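> Any chance you could fold what I've pasted below:
(2 chains)
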There are 2 protein chains.
Amino acid sequence: MNIDKYPSKLLENAVNEFSKLPGIGRKSALRLVLHLLRQNTEEVNAFGNSLIELRNEIKHCKICHNISDTEICSICSNKARNESVICVVENIRDVMSVENTQQFNGLYHVLGGIISPMDGIGPADLEIDSLVKRIESGEIIEVILALSTTMEGDTTNFYIYRKLRNLNIKLSTLARGVSIGDELEYTDEITLGRSLTNRVPYESSVGQ
Amino acid sequence: MNIDKYPSKLLENAVNEFSKLPGIGRKSALRLVLHLLRQNTEEVNAFGNSLIELRNEIKHCKICHNISDTEICSICSNKARNESVICVVENIRDVMSVENTQQFNGLYHVLGGIISPMDGIGPADLEIDSLVKRIESGEIIEVILALSTTMEGDTTNFYIYRKLRNLNIKLSTLARGVSIGDELEYTDEITLGRSLTNRVPYESSVGQ
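Residues are numbered from 1 along each chain as shown, chains lettered A, B, ... in the order given. This is a model prediction of the structure:
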């Protein structure tokens, strides 16, 4: 079925807007719009306004560049956190992923992307200079590079490493290895090879 | 990964609103919201406003109850269409499906649902009385019942049939049969049985 004639311009507009979202085609968009039409006016107004307010009022933390409602985000302003460790991540979703592990009590630095020449994203588009300044001006002991284990992530890691290696800090990256619960048979060779090279004493693997 | 801590209340609101939509979970909602955050303010405002305008300004055609920007929809007000044939459908999506076939030049009547006791939808919730009034007051020759071939669709068909059988009109339903392009081997028995019972002269099957 080829949906192309809409009985209403308002409906067509809403479908057009929804179908601009990633992963939503015109048929799904129409389904979502018709769902909204069945809701109360107040609920749809709340939906529309939540998006408009979000885009107009959201801030980025001046320190870590994470999304925030305030000038300084709740993590950076939390005095209970360890200010001497910075975890460098690609985006806000990675902040949430690391937070959900409950294994990290330091601060973050959100790059806003990773170096990807294919997408036209170079080092200048990322918050790398502000990371260097932050380290130079603060009492930072360790920087953890928590980027994706892709080509782009590795490139970004290396770029940051070269920028930071002369500063007096400990620089680490996430451990690469076999995922917990994975069977060796189905682990790819590169990961398995790396986890052999970087093998850890049995005691420390049980310790965590 | 359990995403439950958002760094911003505005972000959380938008995610909550998106995840109320059917088929969109909290992870997809977050992905969509972060996508919107990367768009221009004007684009996000246009998106939000298109939904608010849709819900507040959309009308239902006074004749056929289809969604419309005007009191009388573009189909009902089109003088080139055959006003003596009414196609009864469940919802606006079915109007669009039938329109896309380009095989129908009459008018529509949108019931707004089908009789479904499981969902608490009875005949009184549908535009059946207005259909009867429309037939009684107009010059209608034929009513085509184009409802889903489900239990609920058949129930609704039968209810409407009982309401209309004493009126002087021709009452028909969509032909049921083997879909075009289907292999007989994979056609269910009920459909195949029905299409044997309702077999048509070869000439008329080629004719269409």
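> quick one: secondary structure of residue A:139?
Counting by DSSP: H, G, I helix; E, B strand; the rest coil, the backbone at residue A:139 sits in coil.
> err, residue A:88, not the other one
Look at residue A:88: counting by three-state DSSP, its state is strand.
> And the strands in chain A?
With DSSP state E, the ranges of strands along chain A come out as A:59-60, A:67-68, A:85-89, A:107-110, A:142-145, A:170-173.
> winner for burial among those strands?
Stretch with highest mean neighbour count among the strands of chain A: strand A:107-110 (a mean of 25; mean count of other CB atoms under 10 Å in any protein chain shown). Using the backbone N, CA and C atoms, a C-beta is placed for each residue, glycine as well.
> Next, see if that one gets close to chain B.
No - Strand A:107-110 does not reach chain B (CB under 8 Å from any CB of the partner chain); its nearest approach is 9.5 Å.
> for chain A, which helix is longest?
For chain A, the longest helix by residue count, based on DSSP state H, is helix A:41-57.
> Distance of residue A:156 relative to residue A:116?
Applying CB to CB, to the nearest Å, the value for residue A:156 to residue A:116 is 9 Å.
> try residue A:75
Applying CB to CB to residue A:75 and residue A:116 gives a distance of 26 Å.
> helices and strands around the longest helix of chain A, which ones?
Using 3 or more CB pairs under 8 Å, 6 or more residues apart in numbering or on different chains; DSSP states H and E, the elements in contact with helix A:41-57 are helix B:9-18, helix B:26-37, helix B:41-57.
> 10 Å - rerun?
The contact analysis (3 or more CB pairs under 10 Å, 6 or more residues apart in numbering or on different chains; DSSP states H and E) places helix A:41-57 against helix A:9-18, helix A:26-37, helix B:9-18, helix B:26-37, helix B:41-57.
> now that helix: how far from the chain's centre is it?
Its chain's C-alpha centre and that of helix A:41-57 lie 24 Å apart, by CA atoms, centre = their mean, to the nearest Å.
> Enumerate every residue touching the residue nearest to residue A:125 when sequence neighbours are not counted.
Once flanking residues are discounted, residue A:125 sits nearest to residue A:113: 6.4 Å by CB to CB, 6 or more residues apart in numbering or on different chains. Neighbouring residues of residue A:113 by CB atoms under 10 Å, 6 or more residues apart in numbering or on different chains: A:90-91, A:119, A:121-122, A:125-127, A:152, A:156, B:38.
> Which residue would you name as the spatial centre of chain A?
Residue closest to the average C-alpha location in chain A (CA atoms, centre = their mean): residue A:91, at 2.5 Å.
> Contacts made by stretch A:157-166 with the rest, please.
If you take CB under 10 Å, 6+ apart as the criterion, stretch A:157-166 is touched by A:88, A:109, A:111, A:114-115, A:122-123, A:126, A:128-129, A:131-132, A:135-136, A:140, A:143, A:145-149, A:171, A:173-174.
> coming back round to it: neighbour count for residue A:156 and residue A:116, which is higher?
Each of residue A:156 and residue A:116 has its neighbours counted (other CB atoms under 10 Å in any protein chain shown); residue A:156 has more, 25 against 16.
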